[in-house]
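[1] Based on what follows, work out the 3D shape:
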Amino acid sequence: MVWEWLEYGLSLYEPAFHIYAVLWIAWILSRYTVVEVPGLKLILEAALYNWTAVLCFPIYPIAFSIFYAVRFTLNTYIKWESKGKVSIMPGSDAVWGTESFANACNFTSLYVLEGVCDPTKIERRAVDGLVEKEIDGVKIYDKLKWRAGTRLYYPVWERMDKTFDIKRHIRFLSDWSGDGRTSYSEDDVFDEISKFFDHPLPKDKPQWEVYIVPKYVYNDPDKTGNYYALIFRIHHSIMDGVSAGFALQNGIADYPPSLSVNPLAPLKISMLQRLMGYVAILVFGLRDAVRSFTLFESNCFHGPKLTGPKKLGWSKPVDLNSLKAMKNITKTSTTAVLMSALGASLRNLAIRKNLKFPTRIHASLTVAILPYPDMKPQNRFTVVLFPMNLAIASTIDRIKSTYKSAQRLARSSEALVNFYLMRLLGQTSTIFCKLFNKLLHSTMLLSNVPGPAEKAYLFGGDELVDVSFWTPLKNSIGVSMSLFSYAGKIRVGMVGDSSVFPDPKDVPTLITEFEKEIVRTGRIAGLDEEQCFNLS
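    The predicted model follows:
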């Protein structure tokens, strides 16, 4: 009886296999024949991937039933065994939880303030504005008392409310370095961050720390004010960059500064645009996902396993109004101008070092999935592959090429598909999460986080004069470039691993080449070098 049902099922599948064979033949012909029909290869690829999914459909109910039954059973046991203190992480947090030396999953931020450093006020604001902050009776940042860990090969959150001690999280930078200093120059701070960048945060407490620099001295001799700095290190499973922006706006600042982009605001898209988005996901989603996670890229800036140490720094603050003028003259976007300049910095570094640079690379571009449901710490972003053409020498042509790539990506389903796929992968064990991270083979990581549109004041009137951040580097992605806008200017934070940038001068050269490219673009818009940067 069983064999009869099996034969009957296979007979129903016979036409489907015939269609599958035809699609394979058509795809091979479209790929390797001389005559090309515009769009045909794309359509056949999407059809081939989708039909493969259709043929595998009978497996899905069984596979997902087993998967969620195992996860539910293990989570129930873990909660019972820990008396409710430990539970398996949601997928959006877990996917970023795996780490090791030189692959630490912490993002680092630097806040520079003008005023007199008062550690007591900083500690009090961290407690009242973050750790114990309540809205409608709910502690918004209760997650800051959770510790990331692993149980039964699953990433978990462990509540540490009873043992939490704010003094273990807010310390002087000299407590880590052991040098007893109170004054650090700009370069000194970058050197100290480089020293701990490769190390995962201690696992005996919730994984976040704030280092206080009582006196911060700019490299610029014209900046003679009284400055101090805060270095934030936080595990990415706790929150993403947008959530960190919420923490600055609503938890640390004296009063909430307005944001250049409100992540809570509903998207202004029509029903037709929404419908077309769902159609794109249905038709091209599987193809986009497979291409994202099967990219293999090897070039002079990508390939070796990360070893540390990291070298990092930041650019001069680019003036936002000048950047808009560059956008207008090139008829593109501010993002295209910045990303083109970042690509040019890699190209020019390769030329200076006589390296054979690739004509085309891919950047893993982080994309926030808007709108955010609330201000709680969360991970609501994904990674998409952004192609960059380094063979183009002309500044304007490179910007226009970058702009076209951005437009194509905006029309694709890749961001949403990758977001939900990553959440699904994050619900699996740490074994699969590690395998997923090893599939990320782009040359560099790009992150763009819009910050406050106006100046912020912290700890009772101290002006926040500068802010930037550096994202974690994972596996074989050896360079990261992070954009953060604040009060009319944008800092670019860059970090590179020694496996790809062995010369200590490589990352500073990247920053210099980025600044030169911004000046070149500014001159096209009729701006001089001073107008390109906001040094006030």
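[2] element containing the most centrally placed residue in the chain, please.
    The residue lying closest to the centre of the chain (C-alpha atoms, centre = their mean) is T366, at 4.3 Å. T366 belongs to strand 360-368 when elements are defined using DSSP states H and E.
[3] K139 and W146, how far apart?
    11 Å (C-beta to C-beta, to the nearest Å). Quick note: C-beta positions are derived from backbone N, CA and C, even for glycine.
[4] and if you look at F107?
    Relative to W146, and taking C-beta to C-beta, F107 is found at 17 Å.
[5] now R233
    16 Å.
[6] can you pull out the strands in the stretch 401-536 of the chain?
    444-450, 457-458, 462-470, 479-486, 489-497 (DSSP state E, counting those that start in this stretch).
[7] Save those as TSV, and put in distance to F419, mean pLDDT and mean neighbour count too.
    Output for the strands of the stretch 401-536 of the chain, formatted as TSV (distance: least, C-beta to C-beta, whole Å; pLDDT from 0 to 100; neighbours: other C-beta atoms under 10 Å):
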stretch	distance to F419	mean pLDDT	mean neighbour count
strand 444-450	15	93	23
strand 457-458	32	98	18
strand 462-470	21	96	23
strand 479-486	20	95	25
strand 489-497	24	96	24
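[8] what's the closest of those to Y255?
    Nearest to Y255, of all the strands of the stretch 401-536 of the chain, is strand 457-458, at 7.4 Å by C-beta to C-beta.
[9] so how far is whatever helix or strand V242 lives in from its chain's centroid?
    When elements are defined using DSSP H and E, V242 is found to belong to helix 241-247. Averaged C-alpha coordinates place helix 241-247 at 13 Å from its chain's average position (C-alpha atoms, centre = their mean, to the nearest Å).
[10] Kindly report the same for stretch 393-405.
    Taking mean C-alpha positions (C-alpha atoms, centre = their mean), stretch 393-405 and its chain are 23 Å apart.
[11] Which parts of the stretch 1-150 of the chain are strands?
    Using DSSP E, counting those that start in this stretch, the strands found in the stretch 1-150 of the chain span residues 86-88, 106-114, 134-135, 138-139, 146-151.
[12] Mean confidence (pLDDT) on the last one, please.
    Think strand 146-151. Averaging pLDDT along strand 146-151 yields 95.
[13] Can you give the strand pairings for it, parallel or anti for each?
    strand 154-159 (antiparallel) (DSSP bridges).
[14] cool, and the second one?
    According to DSSP bridges, strand 106-114 has the following sheet partners: strand 227-235 (antiparallel), strand 462-470 (antiparallel).
[15] so which of those strands comes closest to N103?
    Among the strands paired with strand 106-114, strand 227-235 sits nearest to N103 (C-beta to C-beta), with 12.8 Å.
[16] Bridged to the residue nearest to the centre of the chain, which residues?
    V383.
[17] The chain should start at 751 in everything you say after this.
    Got it, the first residue is 751 from now on, which makes the last one we talked about T1116.
[18] Provide a list of residues in contact with it.
    The contact partners of T1116, by C-beta atoms under 8 Å, 6 or more residues apart in numbering, come to G991, F1131, T1132, V1133, L1195, L1196, S1197, N1198, T1221.
[19] My read is that the last one contacts S1197, right?
    To tie it back to what came earlier, the one meant is T1221. Yes. With contacts counted by C-beta atoms under 8 Å, T1221 reaches S1197, the gap being 5.0 Å.
[20] Now for those two: what residues contact both?
    In contact with both T1221 and S1197: G991, T1116, S1230, S1232, using C-beta under 8 Å, 6+ apart.
[21] Quick check: of those residues, which lies closest to Y903?
    Using C-beta to C-beta, T1116 comes nearest to Y903 of the shared contacts of T1221 and S1197, at 27.2 Å.
[22] For the stretch 1001-1150 of the chain, just list every one of the strands.
    1060-1064, 1068-1069, 1110-1118, 1131-1139.
[23] Same list (those) but as a markdown table, adding distance to N1225.
    Formatted as a markdown table, these follow (distance: least, C-beta to C-beta, whole Å):
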| stretch | distance to N1225 |
| --- | --- |
| strand 1060-1064 | 14 |
| strand 1068-1069 | 30 |
| strand 1110-1118 | 11 |
| strand 1131-1139 | 12 |
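[24] Ok, which of those strands comes nearest F914?
    strand 1131-1139 (27.0 Å).
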